[in-house]
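Student: Following is a predicted model, sequence given first.
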Amino acid sequence: MLAVRNFVILLLCITVVSPIALYTDRLGTFQPPSYKQEFIKDVAALTFNAADSGHLNVLPQETLTAFKEPIGVVYTEDSTKTKNLPQGLKLVESREHVLARVLSTTKEEDQTQKENLIKQVTHQVKQGNHSRTLENAVATGGNENGEDAIDVDDRDDGKLAKSVQASYNASQTMQKQRPTEMDKQNDSTQDFLVRQLKDQLIRAKVYLSFPAVKNNPHLTRELRTRVKEVQRTLGDASKDSELPRNANDRMKAMEQALAKGRQAQDDCAAEVKKLRAMLHSTEEQLRVHKKQTLFLTQLTAKTLPKGLHCLPLRLTTEYYYLNSSEQQFPHQEKLEDPMLYHYALFSDNILAVAVVVNSTVQHAKDASKYVFHIVTDRLNYAAMRMWFLVNPPGNATIQVQNIEEFTWLNSSYSPVLKQLGSRSMIDYYFKAHRATSDSNLKFRNPKYLSILNHLRFYLPEIFPKLNKVLFLDDDIVVQKDLTDLWSVDLKGNVNGAVETCGENFHRFDRYLNFSNPLIAKNFDPRACGWAYGMNVFDLAEWKRQKITEVYHNWQKLNHGRQLWKLGTLPPGLITFWKRTYPLNRNWHVLGLGYNPNVSQKEIERAAVIHYNGNMKPWLEISIPKYRGYWSKYVNYDHVYLRECNINP
């Protein structure tokens, strides 16, 4: 009896302990070839039978196909050779079970060696004598399908050692590059209890809807009590660490009540039907909520917060208390000096313009050479002037103009101005239920009705004595000095801008209607778009190439909005087609008004960050982690901001 027990222990040592010691050395030291040679001979001396292979109840049963090929493979062979192997060289089912146990045990013993999967080695068969077949399948780890095994002569110990060592080194490299499996399991199970409790709530509600449970007042009362307890336990918790200490007790109590519910309701089909109905209802509610969220977001983007409505009213009142001499800006002689750096901003948002000016001046090497030309509408003209009279931008020069004073800008000269005042356009915005309008609310934003949005196409007319202008949108923040932009050679182009090739929705086919033959004939649908918001315009080239006429011609062709929807980027892409010079991407980073995943490094490197999209930084729907880049240029202690209740 003692001899049998010793023999069993010896077998266990050979089949379990030896593979672990060979392939999962915790100290990271590789075993010498002589040791592996002994192990291979011991394994080769064993004869396995498919009938003897049992299932392990503790360790998970894994097949060879569950493991991926290691990164570093020293010995490779054409897969076609493997497919043509004789039938006797293929692993039998019993060997697959044995190898699965060895690998599973190795996984349990040393988690850091999970990626150390080694090619199958050593197949030796003596034909005609199946009882003496030696199948030395020491380790496996073929391709993802587990088909391409590699044959190695079991006598070639040197080659085996090199293969195992290479696989070991590759596994060590992989461990440094990716988290361990245990870490992944910890991440996936940190809310395990929370999910269990939520599932219990759903099951309890299903049981409470069944007639068999409703007819049992005691069970109904118990289930409702457990539901209230679990709801109080869950609260707003999203992780197990946020749950109270009695969460496990509450879960066990609920499970007992659910067990009684299962006994009372033994109709599984009814339960499945109810769960499917709940799933369908939940999906429908989710769809409706998403649609409502989109609508409300678009609606919020169109509205003006109370504080931003109060501010111009307060400033306008103060402006008209000033006498005429106090209403003038200094350094007006610089307004037409072509040797200075001129910035153009067209906006009716006082606070947004203030941030653009403040951030630009704060990072300027010599602000005395900066001239800001601000054009606004009649309603905000006095307020805009008053703001910069009270808050002068250091040594920079400010000019505020009223668009109503541009007498040359009329419907007879500008096709877009004529279209904006047409009855069809007014119906599109104010009588949408009667007119044929686009279902997407974003195309009916009132900003498209404002000629301020289209002034960027009339820069030479606004600044007839300037040779170059840097255009800035009011939803940008300047983080670095922009002086170097003025020395960029546009190589005969009119517009200098950052391209947006990296994102598919910024290509031409997302803005223009390529089903129209006029568009399809003249433009490339996969051409790179570019960003409005920070653009260098060469006004001398503009005049020479008659860009304004090009813009007018395309606007006339689009009178029925057949070529593009509303906005300024589509006509900009058309007008400056093959006339745009690509700037370095670090000059201008977009997406802070819609994309919560903009790289932090890109933001920090950028000279200008752009809040394009609906989530503007002055709105409550703005992305919180980006709001600080904008708000740090706003003095919330200013008396006018406090009176209008404008807070960070």
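Tutor: Yep, it's here. Numbering: from 1, shown residues only.
Student: which residues touch residue 207?
Tutor: Residue 207 makes contact with 213, 223, 258, 261-262, 264-265 under the criterion Cβ atoms under 8 Å, 6 or more residues apart in numbering. Using the backbone N, CA and C atoms, a C-beta is placed for each residue, glycine as well.
Student: For these, could you give me CSV that also reports pLDDT, distance to residue 405 and neighbour count?
Tutor: Output for the contacts of residue 207, formatted as CSV (pLDDT from 0 to 100; distance: Cβ to Cβ, whole Å; neighbours: other Cβ atoms under 10 Å):
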residue, pLDDT, distance to residue 405, neighbour count
213, 82, 77, 19
223, 88, 74, 22
258, 86, 76, 18
261, 81, 77, 23
262, 79, 80, 12
264, 79, 82, 17
265, 69, 79, 20
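Student: So which of the residues you listed are in helices?
Tutor: Taking DSSP state H, the ones among the contacts of residue 207 that sit in helices are 213, 223, 258, 261-262, 264.
Student: Between these, which sits nearest residue 542?
Tutor: Distance to residue 542 across the ones in helices among the contacts of residue 207 (Cβ to Cβ) is lowest for residue 258, with 74.1 Å.
Student: For stretch 279-294, list every residue counted as buried.
Tutor: Residues of stretch 279-294 classed as buried by neighbour count (16 or more other Cβ atoms under 10 Å): none.
Student: Hmm, I typed the wrong one, I wanted stretch 456-468.
Tutor: Quick answer for stretch 456-468 (16+ other Cβ under 10 Å): 456-463, 466, 468.
Student: Contacts for it next, please.
Tutor: The contact list for stretch 456-468, computed with Cβ under 8 Å, 6+ apart, reads 336, 338, 342, 344, 346, 373, 375, 406, 408-409, 414, 416, 455, 469, 471, 486, 532, 535-540, 542-543, 547-548, 551, 568, 571-572, 575.
Student: if you set the cut-off to 6 Å instead, what comes out?
Tutor: For stretch 456-468, contacts defined as Cβ atoms under 6 Å, 6 or more residues apart in numbering pick out 336, 338, 342, 469, 471, 537-540, 542-543, 551.
Student: still on that earlier bit, among the ones in helices among the contacts of residue 207, which two are most distant?
Tutor: 223 and 262, at 11.6 Å, using Cβ to Cβ across these.
Student: what touches both of those two?
Tutor: The contact lists of residue 223 and residue 262 share no entry, where a contact means Cβ under 6 Å, 6+ apart.
Student: can you tell me which of the buried residues of stretch 456-468 are in helices?
Tutor: Among these, the ones falling in helices (DSSP H) are 459-462.
Student: of those residues, closest to residue 581?
Tutor: residue 459 (16.2 Å).
Student: Compute the distance between that closest one and residue 228, please.
Tutor: From residue 459 across to residue 228, the span is 67 Å (Cβ to Cβ, to the nearest Å).
Student: coming back round to it: among the contacts of stretch 456-468, which ones are buried?
Tutor: 342, 469, 471, 537-539, 542, 551.
Student: Would you mind giving the contacts of stretch 456-468 as a markdown table with pLDDT, distance to residue 613 and secondary structure added?
Tutor: As requested, the contacts of stretch 456-468 are arranged in a markdown table below (pLDDT from 0 to 100; distance: Cβ to Cβ, whole Å; DSSP: H, G, I helix; E, B strand; the rest coil):
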| residue | pLDDT | distance to residue 613 | secondary structure |
| --- | --- | --- | --- |
| 336 | 92 | 36 | coil |
| 338 | 92 | 35 | coil |
| 342 | 97 | 28 | strand |
| 469 | 97 | 25 | strand |
| 471 | 97 | 19 | strand |
| 537 | 97 | 24 | strand |
| 538 | 96 | 29 | strand |
| 539 | 96 | 29 | helix |
| 540 | 95 | 34 | helix |
| 542 | 96 | 28 | helix |
| 543 | 95 | 33 | helix |
| 551 | 94 | 25 | helix |
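Student: What is the nearest of these to residue 560?
Tutor: Using Cβ to Cβ, these come closest to residue 560 at residue 551, 17.6 Å.
Student: My read is that that closest one contacts residue 576, right?
Tutor: No: using Cβ atoms under 6 Å as the test, residue 551 is too far from residue 576 to be in contact (9.1 Å).
Student: want to try JSON lines for the ones in helices among the buried residues of stretch 456-468, with distance to residue 562 as columns?
Tutor: Below are those laid out as JSON lines (distance: Cβ to Cβ, whole Å):
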{"residue": "459", "distance to residue 562": "27"}
{"residue": "460", "distance to residue 562": "28"}
{"residue": "461", "distance to residue 562": "27"}
{"residue": "462", "distance to residue 562": "29"}
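Student: Pick the one among the residues you listed closest to residue 594.
Tutor: The closest of those, once distances to residue 594 are taken by Cβ to Cβ, is residue 459, at 27.2 Å.
Student: Name the SS class of residue 474, please.
Tutor: At residue 474 the chain is in coil, as set by DSSP: H, G, I helix; E, B strand; the rest coil.
Student: distance of residue 497 from residue 628?
Tutor: From residue 497 to residue 628 the distance is 27 Å (Cβ to Cβ).
Student: Could you do residue 350 as well?
Tutor: 21 Å.
Student: In terms of neighbours, single out the busier of the two.
Tutor: residue 350 (22 against 10; other Cβ atoms under 10 Å).
Student: mind checking how far the more buried one is from residue 453?
Tutor: Taken as Cβ to Cβ, the span from residue 350 to residue 453 is 17 Å.
Student: Residue 237 now?
Tutor: Applying Cβ to Cβ to residue 237 and residue 453 gives a distance of 47 Å.
Student: Between these two, point out the one with more neighbours.
Tutor: Each of residue 237 and residue 453 has its neighbours counted (other Cβ under 10 Å); residue 453 has more, 19 against 16.
Student: Assign a three-state SS to the more buried one, would you?
Tutor: Residue 453 - assigned by three-state DSSP - is helix.
Student: I'd like the numbering to begin with 46 instead of 1 from here.
Tutor: That works, and once the first residue is 46, the last one we named lands at residue 498.
Student: Give me the pLDDT value at it.
Tutor: pLDDT recorded at residue 498 is 86.
Student: Low-confidence ranges, the stretch 346-495 of the chain, go.
Tutor: 346-347, 470-494 (pLDDT under 70).
Student: At which residues are the strands of it located?
Tutor: In the stretch 346-495 of the chain, the strands defined using DSSP state E, counting those that start in this stretch lie at 386-391, 415-421, 442-447.
Student: ok, so of the buried ones among the contacts of stretch 501-513, who is nearest residue 668?
Tutor: Set against residue 668, the nearest of the buried ones among the contacts of stretch 501-513 by Cβ to Cβ is residue 516 (24.6 Å).
Student: In contact with the closest one, which residues?
Tutor: Contacts of residue 516 by Cβ under 6 Å, 6+ apart are 389, 501, 580.
Student: quick one: which of those is nearest to residue 688?
Tutor: Nearest to residue 688 among those, with distances taken as Cβ to Cβ, is residue 389, at 30.4 Å.
Student: Contact partners for the closest one?
Tutor: Contacts of residue 389 by Cβ under 6 Å, 6+ apart are 418, 514, 516.
Student: try 8 Å this time
Tutor: Residue 389 makes contact with 418, 420, 501, 504, 507-508, 514-517 under the criterion Cβ under 8 Å, 6+ apart.
Student: can you put these in CSV and add distance to residue 537?
Tutor: Formatted as CSV, the contacts of residue 389 follow (distance: Cβ to Cβ, whole Å):
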residue, distance to residue 537
418, 25
420, 28
501, 20
504, 18
507, 23
508, 20
514, 17
515, 18
516, 19
517, 24
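Student: Any regions of the stretch 546-693 of the chain where pLDDT drops low?
Tutor: Counting by pLDDT under 70, the stretch 546-693 of the chain contains low-confidence ranges at 547-550.
Student: mind listing what's buried in the helix or strand hosting residue 265?
Tutor: Secondary structure assignment for residue 265, by DSSP states H and E: helix 262-279. Under the neighbour-count criterion of 16+ other Cβ under 10 Å, helix 262-279 has 264-265, 267-268, 271-272, 274-275, 278-279 buried.
Student: Contacts for it, please.
Tutor: The list of residues contacting helix 262-279 from outside it, by Cβ under 8 Å, 6+ apart, reads 239, 242-243, 245-246, 249-250, 252-253, 258-259, 288-289, 291-292, 295-296, 298-299, 302-303, 305-306, 309.
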